[in-house]
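# give the three-dimensional model of this entry:
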Amino acid sequence: MTRMNQQSELGTRRLSRRGFLGIATALASPSKPVVAQQVWPVESGLEITDVRLVRTRPRNPLPAYEATPGSYWTTREAARPIEIHGEYTGKRGPGSKWMPDRSLGSVTVEVSTNKGLKGYGRAGSAAGPFVEPALKRLLVGKNPLAVERLWDVMWRATLFYGRAGAVVHAISGADLALWDIVGKAFGVPVYKLAGGRTWDRLPCYATGNDVEQSLEFGYTKVKLALQYGPADGRDGLKKNVEHVKRTRELVGPDGEIMIDCWMALNEAYTIQLAEALEPYRVYWLEEVLMPDEYEGFGRLNSQITSTFLATGEHEYTRYGFGRLAHYGAVDIWQPDINWCGGMSEMRKIGSMALERGIPLVPHAGGAVDCIHYLATFPQLTWAETTIPAPGGPKRVYEMFAEQRRMTRGPEGVYIQPSEEPGFGWDFEVAG
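Model prediction:
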């Protein structure tokens, strides 16, 4: 099926089984009753008293184990934009020669109030230096229920050194912490604050190259990390095609395959890759170019008809997605709620996507926070998830599914948001 035919199918029958927007018939399970929760005395006046970074630990951690040697989450071997400089390793994660150390990893923002009520939000990489020096002074003394106003205050105050990257990561964490507070203040989960559920449960796909494990878990949709880029030449291209061919054999004719290229390709290589993969019905190619190459994305999108193009993981705020729309850059938007500006900005980006008829498939959409947004989104979509590395005891994967309220059905694995007030974080503050 050509991409043009796929687009026609999506446009004329959003609920077709083939497209990723086409699984509503599997979503008929009733919601569980909500247990009554304590409602905080919001009428007496909440006020933010502190904003800080905290370390967290799971209340019920998965059992420790030694992962299978050579599995994807142990090697993280994949294409990356820096590979044109041959001295750097093929890893994307810790242990590579070019990735920052763990001190620049994701952080958690804690917002405290005068009523003892606290909210928590995950922020993206390198957000830490901007939370307490910059955002704390803007939020302390303010009413945490004024979420939209406080987002605008943080945005306008940081424009001269922010607008994207780590500063918006910090704003994302603070905004999510505010939404968490509001949910706890009114005793309801965040998805109810955002308008209530559109879907009882959402279908998931699995990211990672351990395809056999994903299929055994119950997934029917998998996203691969592209293993080789332009610097690896024609031999690398052949190996990429062989990897996808083998995956198609594993998932069968009705399974879905997506490919994450993680900003590592160029226009010519992307065209070659799309042509070579056409027999294997790849659903989308993700982040084929570096994020600022809007014109290049637009040129590719006008030429490639065998698959969809997707991007947005490394895009920021409604303004960045406005640029994607202006250039007709891609078919599918993938904002990350911890990076793009938080729940407040994700809602605006989602409205832009709906108005333009663009599917929205957020990066890490199955995370504790983002699933609350997707549960309210009126366009049926998929939630991205990652399974613990293979090699663990059965209980590891059972706990993983239980903690994420996962179920299985005709289209594979499904996920639901927590029913606890706020986002329903299941962690403890470690310091």
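# confirm for me that residue 358 is in contact with residue 331.
Yes - the criterion here is Cβ atoms under 8 Å, and residue 358 meets it with residue 331 at 7.1 Å. Every residue, glycine included, has its C-beta placed from N, CA and C.
# contacting residues for residue 207?
222-223, 225, 260, 384-386 (Cβ atoms under 8 Å, 6 or more residues apart in numbering).
# which ones among the residues you listed lie within helices?
Within those, no residue falls in helices by DSSP state H.
# I'd like those as TSV, with neighbour count, distance to residue 55 and pLDDT appended.
Formatted as TSV, those follow (neighbours: other Cβ atoms under 10 Å; distance: Cβ to Cβ, whole Å; pLDDT from 0 to 100):
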residue	neighbour count	distance to residue 55	pLDDT
222	24	32	98
223	25	30	98
225	20	28	98
260	25	29	98
384	25	25	98
385	24	24	98
386	17	21	97
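# in whichever helix or strand residue 137 is part of, what's buried?
Per DSSP states H and E: residue 137 is located in helix 136-139. Within helix 136-139, the residues that qualify as buried are 136, 138-139, counting by 16 or more other Cβ atoms under 10 Å.
# cool, stretch 150-170 as well?
Buried residues in stretch 150-170, counting neighbours by 16+ other Cβ under 10 Å, are found at 150-151, 153-155, 158, 162, 164-170.
# these: which two are farthest apart?
Spanning the widest gap among the buried residues of stretch 150-170 are 150 and 165, at 20.3 Å by Cβ to Cβ.
# any idea how many residues pack against the spatially closest residue to residue 188 that is not a sequence neighbour?
Take residue 188 and drop its neighbours on the chain: the residue closest to it by Cβ to Cβ, 6 or more residues apart in numbering is residue 421, 6.1 Å away. Counted with other Cβ atoms under 10 Å, residues neighbouring residue 421 total 23.
# kindly report the same for the one 5 residues further on.
The burial metric for residue 426, expressed as a neighbour count using other Cβ under 10 Å, is 14.
# same check, this time on residue 87
When neighbours are counted by other Cβ under 10 Å, residue 87 comes out with 7.
# just give the nearest non-adjacent residue to it, would you?
In space, residue 87 is closest to residue 97, 7.2 Å off (Cβ to Cβ, 6+ apart).
# now residue 337
Nearest non-adjacent residue to residue 337, counting by Cβ to Cβ, 6+ apart: residue 370, 4.3 Å away.
# quick one: contacts for that neighbour?
Taking Cβ under 8 Å, 6+ apart, one finds 336-338, 346, 362, 364, 383 in contact with residue 370.
# with residue 248 instead?
255, 257, 280-281 are the contacts of residue 248 under Cβ under 8 Å, 6+ apart.
# and the furthest pair within the residues you listed?
Maximum distance among the contacts of residue 248 (Cβ to Cβ): 10.8 Å, for 255 and 280.
# any idea which helix is longest in this protein?
If you go by DSSP H, the chain has its longest helix at helix 165-186.
# count the neighbours of residue 196 for me.
Per other Cβ under 10 Å, the neighbour tally for residue 196 reads 11.
# what distance separates stretch 222-242 from the centre of its chain?
Distance, stretch centre to chain centre, for stretch 222-242: 23 Å (Cα atoms, centre = their mean, to the nearest Å).
# picking that back up, packing partners of the helix holding residue 137?
Under the contact criterion of 3 or more Cβ pairs under 8 Å, 6 or more residues apart in numbering; DSSP states H and E, helix 136-139 touches strand 48-54, helix 147-157.
# about what we covered before: for my notes, confirm the residue nearest to residue 87 occurs in a helix.
No - under DSSP: H, G, I helix; E, B strand; the rest coil, residue 97 sits outside any helix and is assigned coil.
# flag the shaky bits of the stretch 1-150 of the chain, pLDDT-wise.
Within the stretch 1-150 of the chain, the ranges that satisfy pLDDT under 70 run 1-44, 94, 102-104.
# which stretches of it form strands?
Applying DSSP state E, counting those that start in this stretch to the stretch 1-150 of the chain gives strands spanning 48-54, 56-58, 107-113, 118-123.
# and the ones you listed, which is most packed in?
Most buried of those by mean neighbour count (mean count of other Cβ atoms under 10 Å) is strand 118-123; its value is a mean of 25.
# which strands border that one, and is each parallel or antiparallel?
Neighbouring strands of strand 118-123 in its sheet, by DSSP bridges, are strand 107-113 (antiparallel).
# alpha carbons of the strand it pairs with, as CSV, please.
Coordinates of each C-alpha in strand 107-113 appear next as CSV, following Å, rounded to 0.1, in the frame of the first residue of the first chain:
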residue,chain,number,x,y,z
VAL,A,107,14.7,15.0,36.9
THR,A,108,11.6,15.3,39.0
VAL,A,109,10.2,18.7,40.1
GLU,A,110,8.5,19.0,43.4
VAL,A,111,6.1,21.9,44.1
SER,A,112,5.0,22.3,47.7
THR,A,113,2.1,24.4,49.1
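# that one versus strand 48-54: what angle between them?
If you take axes from the mean of the first three to the mean of the last three Cα atoms, to 10 degrees, strand 107-113 sits at 160 degrees to strand 48-54.
# ok, the residue nearest to residue 87 - contacts?
With Cβ under 8 Å, 6+ apart, residue 97 has these contacts: 87-89.
# residue 257 pairs with what?
residue 222, residue 282.
# you'd agree it is up against residue 222?
Yes - if you go by Cβ under 8 Å, residue 257 and residue 222 touch, sitting 6.2 Å apart.
# got any residues that touch both of these two?
Overlap of the contact sets of residue 257 and residue 222 (by Cβ under 8 Å, 6+ apart) consists of 247, 251.
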